[in-house]
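>>> Build the 3D model from these lines:
(chains A, B and C)
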Amino acid sequence: MSENKERIVLDVAYQPQVRTNTDTKRIMLNVILALLPALAVAVWQFGVYPLALAVVSMASAVFFEWGYRKLMKKSCSIGDLSAALTGLLLALVLPPSAPLWLPVIGSFFAIVVVKQLYGGIGKNFLNPALAGRAFLLASYAAIMGQYAVPNALVGSVDGVTMATPLSYMYGGTALPEYFNFKSMFLGTIPGCIGELSTLALLIGGAYLLITKVISWRIPGAFMGTVALLCLIFGKEGYGNVDWMLYNLMAGGLVMGSIFMATDYATSPVTLNGQLLYGAGCGALTVLIRYFGGFPEGVTYAILIMNLCTWAIDKGFHRHQFGVTKEDIAAEKAAKKAAKEAAK
Amino acid sequence: MNKILKLTIVLFLVCAVVAGVLGVVNELTYETIEEQNRIKTERAYAAVLPSDGYEEVAFDEEANPTIDAISKCTNGAGYVVMTTFSGSQGKITLAVGVDNDYKCTGISVISHSETSGLGANAASTSEVGVNWRAQFVGEDKNIALSKTGGNIDALSGATITSRSITGAVATAIMAVESLG
Amino acid sequence: MNIKKQFKEGLITNNPVLVQLIGMCATMAITTTLFNGVGMGLSVLIILTCCNVVVAAIRKIIPNEIRLAIFVVIIAGFVTIVDLLLQAYIPALSDALGVFIPLIVVNCIIIGRAEAFCQKNTVGASFFDGIFQGLGYTLVLIVMCVFRELVGSGRFGGGLIDISNGFRITMDGTGAGIQIFPSDFGATIMTLPFGGFITLGLLIALMQYALKKAAKKKEAQEMAEKEDED
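Numbers count the residues shown, from 1 in each chain, chains lettered A, B, ... in the order given. As a prediction, the model looks like this:
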């Protein structure tokens, strides 16, 4: 007690030791912001109704998340905005003329059955918004297949609903004049609320890339595969490059590859795995578009690849830090030798 | 060897008893089942072309592979054709009534596996289905979808189902015509 | 022989579908209307009870080596009898259930009970086992049918109940059922095979949840009693 030795006290904290401001809430908020241009295009083309759909969808998703967690006496998780994002994404893949009760049913399925029953955020094995869309697609096929005429085309087509570019492209009839690169790029075409404008979606995608919410790997591999396959297997009546561009811009490809396929919980964490996952999504999309019963295949393609995520991550197992390729080769050789010896 | 023989005999006896019981039950129910099947077909026929009785007639099966049977109405109203063909999801079985002027008197979907909410409307008892099937009454062998210049409006979202049913009705009418 | 215990086991704690997880194929395929569910459930109940009784009666004289072959022959016999009777007297049910009636032959519930229960128990116990296990199966089918029909097409009691002319139970499957809400709002996917899988999954989860909760409660009670004794 007499002498007071000076001691160094080390403050040992648990991992991770690097601190950033990035948390779930910030990521979700960034994705929501990135979706706003697409929503703005929908408002420009269809008036405020799509906005109402989005609000109802987000509100019901948050409500179901809150209600389920409360009922099951679990921590309240609506503050991380993931439920709000699911609601918004779900609304953006509905046709603009959908009745207001539709997103409520979709949100219930997405949040309660797909997300919460499996343990909540990060534990779902399917993208909740897409699973919600698939549920609605199979349940209310007639409503989900009716696309309102956008403001830009009122007057040039009869009726209140019309066929989408994809159904012309895969329906055997020639693409009408009002569907061209410009209209598809700007979004003056019929389609799901968030899928209209390639430009708006690319702006959102660029924002996500800059804020490092997503990497280029999944969207790049996804769109690249679709582009490549469409370029090789063109269609009669279209130039191969034209066909490729139409396929990239029509339907939900851009939306799906940037916002849906990149969902953290349901896409691989390994870098090579992400490339394979994206390529798988692309190949399945093309297969479904070419040979399936529906003109659009992005939804099912992503859902199927969601199910493969686990296997892909196993296949591209990350090696331990500090282990070189030589070490791995040596380990393999040793294992082989042991096996031989056992024989 | 003795053991195997014993097992064989026991199994044989059990099988024989079960087979005997089944034979008796079959004997007892055979006629009722036949009767039920006859009533079922007649009910389907009567839905498209009422008659007091139906007689199957021979037709050129090689020229009409999709046609299962053609029956003549005993009251002379015309013929009922049973046909099985490919829809959009699977096989559709359809009863088509054809009168003596070779015009369709009605259709009834006996079985199908089309998409619910879309193609399945062709068989549904809802207003949509009833109205859709009513379009076929009075059509002749040139029947076609309105898209290709005919009078039949396709079911919304189910062009393939509509097209295959329309085609099958045309085939049925032509098959009756070829009977002479 | 404890009838009360058997009753509880068949319907709840050892329910063939929700706890033993057997006989699931038909469970998912046919539970689209109440008519189908009740018809299938009762068919299985009758076949199960008959097979149980016969198997228990001859359990001492059949050689062990070929017991499975004999079970299958007996089951196939009863299934065929029920199939023929249905075709003759309730053709609508026979049409609706189609191939799933002959497929009861390979329904694990029946061969499972024959192997696991009737081989070792008396005719009486086997008879009640057949009734209660059959009831447990029927109960699950009914719950699934009601849920899928209601969510899928907004209807209750399709095929079985007719209210167009006063309340009536229809045995020929023609009853339109009671429309609770317009079928346009129904989630059609619930009447498709997907609906069967998800409904069964939810039911099994719910059952496990309830059983676990009950077990925990019992444990806590026992602990408390033990402490009292101490």
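
>>> Tell me who's in contact with the most centrally placed residue in chain A.
Nearest to the geometric centre of chain A sits residue A:260, at 0.4 Å (CA atoms, centre = their mean). Counting by CB atoms under 8 Å, 6 or more residues apart in numbering or on different chains, residue A:260 makes contact with A:89, A:93, A:127, A:129-130, A:298, A:302. C-beta coordinates here come from the backbone N, C-alpha and C atoms, glycine included.

>>> of those, closest to chain C?
If you rank those by distance to chain C using CB to the nearest CB, residue A:130 comes first, at 14.5 Å.

>>> Can you get me a residue count around that closest one?
A total of 30 residues lie near residue A:130 under the criterion other CB atoms under 10 Å in any protein chain shown.

>>> One more: residue C:229?
Other residues within reach of residue C:229, judged by other CB under 10 Å, total 6.

>>> Residue C:223 now?
Other residues near residue C:223 number 10, with proximity taken as other CB under 10 Å.

>>> For residue A:230, see how far away it is.
As for residue C:223, its distance to residue A:230 is 67 Å (criterion: CB to CB, to the nearest Å).

>>> Then residue C:151?
Here residue C:151 is placed at a distance of 39 Å from residue A:230 (CB to CB).

>>> Can you give me the buried ones in the helix or strand harbouring residue C:75?
Counting by DSSP states H and E, the element that carries residue C:75 is helix C:67-89. By neighbour count on 16 or more other CB atoms under 10 Å in any protein chain shown, the buried set for helix C:67-89 is C:67, C:69-71, C:73-88.

>>> mind checking how far the worst-scoring helix or strand of chain B on mean pLDDT is from the chain centre?
Counting by mean pLDDT, DSSP states H and E, chain B has its least confident helix or strand at strand B:54-57, which shows a mean of 82. Relative to its chain's centre, strand B:54-57 lies at 14 Å (CA atoms, centre = their mean, to the nearest Å).

>>> quick one: contacts for residue C:108?
Here residue C:108 is in contact with C:22-23 (CB under 8 Å, 6+ apart).

>>> circling back to that earlier point, sort out which residues of the least confident helix or strand of chain B are buried, please.
The neighbour-count criterion (16+ other CB under 10 Å) identifies residue B:54 as the buried residues of strand B:54-57.

>>> which other helices and strands contact it?
Judged by 3 or more CB pairs under 8 Å, 6 or more residues apart in numbering or on different chains; DSSP states H and E, strand B:54-57 is in contact with helix B:2-48, strand B:67-73.

>>> Figure out the helix or strand that residue B:107 lives in.
Using DSSP H and E, the element containing residue B:107 is strand B:104-111.

>>> CA atoms only for that strand - export them in CSV, please.
In CSV, the C-alpha atoms belonging to strand B:104-111 read as follows (Å, rounded to 0.1, in the frame of the first residue of the first chain):
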residue,chain,number,x,y,z
CYS,B,104,-72.8,-24.7,-81.3
THR,B,105,-75.6,-25.0,-78.7
GLY,B,106,-73.4,-24.6,-75.6
ILE,B,107,-70.2,-25.7,-74.0
SER,B,108,-69.4,-27.1,-70.6
VAL,B,109,-65.9,-27.6,-69.1
ILE,B,110,-65.8,-31.1,-67.5
SER,B,111,-62.2,-30.9,-66.1
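
>>> So what touches it?
The contact list for strand B:104-111 (CB under 8 Å, 6+ apart) reads B:44, B:47-49, B:77-78, B:82, B:91-99, B:122-123, B:133, B:136-140, B:143, B:165, B:169, B:173.

>>> Also stretch A:220-238?
For stretch A:220-238, contacts defined as CB under 8 Å, 6+ apart pick out A:169, A:174, A:240-241, A:243-244, A:246-248, A:253-254, A:256-257, A:261, A:274-279, A:281-283, A:285-286, A:290.

>>> filter these to the buried ones?
Applying 16+ other CB under 10 Å to the contacts of stretch A:220-238, the neighbour count classes A:169, A:243-244, A:246-248, A:253-254, A:256-257, A:261, A:274-279, A:281-283, A:285-286 as buried.

>>> Around chain C, which positions in chain B sit nearby?
Applying CB under 8 Å from any CB of the partner chain, we find that chain B lies next to chain C at B:6-7, B:10-11, B:14-15, B:18, B:21-22, B:25-26, B:29, B:32-33, B:36-37, B:40, B:116-117, B:126.

>>> I'd like the average pLDDT over the helix or strand hosting residue C:217.
Assigned by DSSP H and E, residue C:217 belongs to helix C:193-229. Helix C:193-229 carries an average pLDDT of 88.

>>> Tell me how many other residues surround the closest residue to residue A:117 other than its chain neighbours.
Nearest residue to residue A:117, sequence neighbours excluded (CB to CB, 6 or more residues apart in numbering or on different chains): residue C:205, at 7.4 Å. Neighbourhood size, residue C:205 [other CB under 10 Å]: 12.

>>> show me what contacts residue A:162?
Applying CB under 8 Å, 6+ apart to residue A:162 gives the contacts A:147-149, A:153, A:190.

>>> near chain B, which of those residues show up?
Restricting the contacts of residue A:162 to those touching chain B (CB under 8 Å from any CB) yields no residues.

>>> Reformat those as CSV; add secondary structure.
As requested, the contacts of residue A:162 are arranged in CSV below (DSSP: H, G, I helix; E, B strand; the rest coil):
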residue, secondary structure
A:147, strand
A:148, strand
A:149, coil
A:153, helix
A:190, coil
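
>>> How about the contacts made by residue A:121?
Residue A:121 is in contact with A:24, A:77, A:80, A:82, A:115, A:265, counting by CB under 8 Å, 6+ apart.

>>> any idea how far it lies from residue B:25?
Per CB to CB, residue A:121 is found 59 Å from residue B:25.

>>> on that earlier part again, residues of the helix holding residue C:217 that come out buried?
C:195-196, C:198-200, C:203-204, C:207.

>>> try stretch C:174-186
Neighbour-count burial for stretch C:174-186, counted by 16+ other CB under 10 Å, picks out C:175, C:177, C:185-186.

>>> Can you classify residue B:95 by secondary structure?
Bear in mind the rule, three-state DSSP; under it residue B:95 is strand.

>>> isn't it right up against residue B:48?
Yes: contact criterion CB atoms under 8 Å: residue B:95 and residue B:48 qualify, at 5.1 Å.

>>> Show me which of the two is the more surrounded one.
Higher neighbour count among residue B:95 and residue B:48: residue B:95, with 25 against 22, using other CB under 10 Å.

>>> from the chain's centre, how far out does the helix or strand hosting residue A:87 sit?
Taking DSSP H and E as the definition, one finds residue A:87 inside helix A:82-92. In this view, helix A:82-92 has its centroid 11 Å away from the chain centroid, taken as CA atoms, centre = their mean.

>>> Which strands and helices lie in contact with it?
helix A:24-46, helix A:49-71, helix A:101-108, helix A:128-139.

>>> most packed of those?
Most buried of the helices and strands packed on helix A:82-92, by mean neighbour count (mean count of other CB atoms under 10 Å in any protein chain shown): helix A:128-139, with a mean of 26.

>>> Please narrow the buried ones among the contacts of stretch A:220-238 to those residing in helices.
Using DSSP state H, the subset of these located in helices is A:169, A:243-244, A:246-248, A:253-254, A:274-279, A:281-283, A:285-286.
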